[in-house]
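Visitor: 3D model of this:
(one chain, ligands or ions: 1)
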Amino acid sequence: MFKKYDQKQQFLLPLSLEEFVPENHIARVLNDLIDLVDISDIESTYSEEGCPAYHPRFLLKILLYGYLINIRSSRKIEQMTQTDTAFMYLAAMQKPDFRTICRFRSTHLDSIKEIFSQVVTFCKEMDMIGSSISIDGTKVKANASPRQSKSSDALKKEIDKILKESIEIDKQEDEIYGDSTPYQVPEELVNKQKRVEKIKAAMKKIDEEKLKKVNITDNDAKIMKHKDGSKKPSYNCQVAVDEKEQIIVASDVVDEENDLHQVVPMIENVKETLGYKPTIVLADAGYFSYDNVKFLLDQEIDAYIPDNFYEVEKRGKTKKFRKSLFKYDPEKDCYYCPAAFEIPFTRIQKRNDEPDLRYYVCKYCSLCVLKNACTESENRTISRDPREYLMENMRAKLNTEEGTEQYQKRMCTVEPVFGQMKQDRGFREFLLRGKRKTKIEFLMMCTVHNIKKIADFMKREGKSLKEILNMITGRGNECRNKGGITARKASMVR
Ligand code: SF4
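Guide: Reported below is the predicted structural model:
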């Protein structure tokens, strides 16, 4: 016996789009949230005249849903609106072609900043955000081949080669057409001209930014080392993640390989989105600098950032006595070594753009029984940056029980976020090129990450979006960003 299988059967009642996706499907949450987002900026760019356009709200929904399930190409999204029930539901059975989707994405890229901000504000209203954040970065490959990263000399050679080939094509054309003009410039020549233009733009970038190499396909991408040791043209994607529900409260894409200069912009970014500064900031040693620690101290933010040698010294991996075994006495401006000898200040080293470095040299090493464990030089020398107290205070804080506990939270706050983006959503390479566009593409990934967290939160709390919105209304909260997801719109949700 089999169940009845008839592809030609007729339905008595018309199908409802509501039945295309199950009740608790993530596409519904995304749909309802994007229905509440203010997209007046996008809408205002459409003309009242001419052929009616596809509604920007549904184009936004299918784009974001694509990013959520690792379908980012506009051709693939077009295909999915014809075959996938969740896409059909979001598009209300409309089938825009890939050019429309692609044009929408490139025209309205900048509006995603406002949408990201509205979704974060909604998370804030739902009490999904606290005030402890972790900052981290990950390298994501640019949409460019490593073979297209070239030095100035290699670029000049390539231009010479193209010019020679072009002259050859011209000669062949002359032989075929004589004095008469061919109808069109040969495609090969057009492609070569385009290539020369790209190379010239790349050479300009090398000159202006004093770079060793530049990628011809994506001039803004830089060769960066990834965790697996490979080197690829990439961007450094930064996030600030709130501890409470792993909501991304700020993001950025930079072309600097290290994270050293990202603390200040990320904190400013967080303040702009949340309307307040975090009380606790956690970050790994890549973010440690005296300037960063001082900035956070001045902002009265409780920071937990180890320096580069903290872990090495803690694990006892240094060959000789580590510097932290030498105690500094600020009153006498001297160190005391492990053998209890006083090490006096001896000389200064001038530095450009940095405070002078102070040196302290021990005079008793030749008499010391610990010398073999301490130094290979005649006398042990200790250097001191006048800002070193910032590092010492930070180490002292990290060494307390509370400090260790706080810092450990970093790992389970920010690291899973990159895992979810890369493993679950396949975000290992950008689709778009250039710093401006990659920033926005990453912001889209961050927006769908937050939408997924909202869906998880609703599931865990056993509440619908409407119930949550009513809850917010009950608390009398008001949305702070212009016309965004507001409690006042609760009635719009099923
Ligand atoms: S070698 Fe010099 S600096 Fe090191 S413990 Fe001995 S006296 Fe102190």
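
Visitor: List the contacts of the residue lying closest to K437 once chain neighbours are set aside.
Guide: Distance criterion CB to CB, 6 or more residues apart in numbering; nearest residue to K437, sequence neighbours excluded, is L109 at 6.3 Å. (C-beta placed from N, C-alpha, C; glycine too.) Contacts for L109 (CB atoms under 8 Å, 6 or more residues apart in numbering) come out as R436, K437, I440.

Visitor: show me where the stretch 1-150 of the chain has helices.
Guide: 26-36, 40-43, 56-68, 74-83, 85-90, 98-107, 112-125 (DSSP state H, counting those that start in this stretch).

Visitor: hmm, back to that, which one of the contacts of L109 is nearest to the ligand?
Guide: R436 (54.1 Å; CB to the nearest ligand atom).

Visitor: gap between the closest residue to that closest one other than its chain neighbours and C446?
Guide: What sits nearest to R436 in space, not counting adjacent residues and going by CB to CB, 6+ apart, is L109, at 7.6 Å. Separation of L109 from C446 (CB to CB, to the nearest Å): 14 Å.

Visitor: which regions of the stretch 251-400 of the chain lie under the pLDDT threshold?
Guide: 316-317 (pLDDT under 70).

Visitor: follow-up on the earlier one: would you quantify the distance from the residue nearest to K437 to F442?
Guide: From L109 to F442 the distance is 12 Å (CB to CB).

Visitor: same thing with K277?
Guide: K277 is 23 Å from F442, by CB to CB.

Visitor: same question, N236
Guide: 10 Å.

Visitor: shared neighbours of those two, which are they?
Guide: V253.

Visitor: which parts of this structure sit against the ligand?
Guide: Residues of the chain that fall close to the ligand, judged by CB under 6 Å from any ligand atom: 337-339, 341, 362, 364-365, 368, 370-371, 374-375, 380.

Visitor: quick one: the strands in the stretch 251-400 of the chain?
Guide: With DSSP state E, counting those that start in this stretch, the ranges of strands along the stretch 251-400 of the chain come out as 280-283, 302-304, 327-329, 334-336, 342-349, 357-361, 381-384.

Visitor: which residues are in contact with the last one?
Guide: Surrounding strand 381-384, the residues in contact under the criterion CB under 8 Å, 6+ apart are 323, 326, 328, 335, 343, 346, 349, 357-362.

Visitor: try 7 Å
Guide: The contact list for strand 381-384, computed with CB atoms under 7 Å, 6 or more residues apart in numbering, reads K323, F326, Y328, Y335, I343, L357, R358, Y359, Y360, V361.

Visitor: Now do stretch 67-79: everything it contacts.
Guide: 26, 30, 62-63, 66, 80, 96-98, 101-102, 105, 425-426, 431, 444-445, 448, 452.

Visitor: try stretch 1-19
Guide: With CB under 7 Å, 6+ apart, stretch 1-19 has contacts from Y89, A92, M93.

Visitor: from those, which is closest to N393?
Guide: Closest to N393 out of the contacts of stretch 1-19 is Y89 (55.4 Å), distances taken as CB to CB.

Visitor: Now render the contacts of L109 as CSV, adding pLDDT, neighbour count and distance to V249.
Guide: Shown next, in CSV, are the contacts of L109 (pLDDT from 0 to 100; neighbours: other CB atoms under 10 Å; distance: CB to CB, whole Å):
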residue, pLDDT, neighbour count, distance to V249
R436, 91, 13, 21
K437, 92, 19, 22
I440, 91, 21, 17
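
Visitor: Name the nearest residue to E376, ignoring sequence neighbours.
Guide: K320 (7.4 Å).

Visitor: Likewise for V140?
Guide: C237 (5.2 Å).

Visitor: Which neighbours in the sheet does the helix or strand containing the one you found have, and how are they oriented?
Guide: Secondary structure assignment for C237, by DSSP states H and E: strand 231-242. Partners of strand 231-242 in the sheet, by DSSP bridges, are strand 132-141 (antiparallel), strand 222-225 (antiparallel), strand 248-254 (antiparallel).

Visitor: tell me the mean pLDDT for the shortest one?
Guide: For strand 222-225, the per-residue pLDDT values average out at 93.

Visitor: May I see the buried residues of it?
Guide: K222, I223, M224 (16 or more other CB atoms under 10 Å).

Visitor: Can you tell me how far the second one is from the ligand?
Guide: According to CB to the nearest ligand atom, to the nearest Å, I223 and the ligand sit 42 Å apart.

Visitor: does that residue have beta-bridge partners, and which?
Guide: Bridge pairing for I223 - DSSP bridges - gives P233.

Visitor: OK, contacts around it?
Guide: Residues in contact with I223 (CB under 7 Å, 6+ apart) are S149, K213, K231, K232, P233.

Visitor: Recalculate using a threshold of 8 Å.
Guide: Per CB under 8 Å, 6+ apart, neighbours of I223: P146, S149, K213, N215, K231, K232, P233, S234.

Visitor: number of nearby residues for the third one?
Guide: Same thing as K213. Residues lying near K213 (other CB atoms under 10 Å) number 16.

Visitor: Just list the residues touching L465, thanks.
Guide: Taking CB under 8 Å, 6+ apart, one finds V29, D32, L33, M458, V493 in contact with L465.

Visitor: Next one, pLDDT for it please.
Guide: The model's pLDDT for L465 equals 83.

Visitor: Distance of it relative to the ligand?
Guide: 66 Å.

Visitor: what's the distance between the residue of the stretch 101-250 of the chain found nearest the ligand and N258?
Guide: For the stretch 101-250 of the chain and the ligand, the shortest gap (CB to the nearest ligand atom) falls at K225, measuring 36.4 Å. Distance, K225 to N258, using CB to CB: 10 Å.
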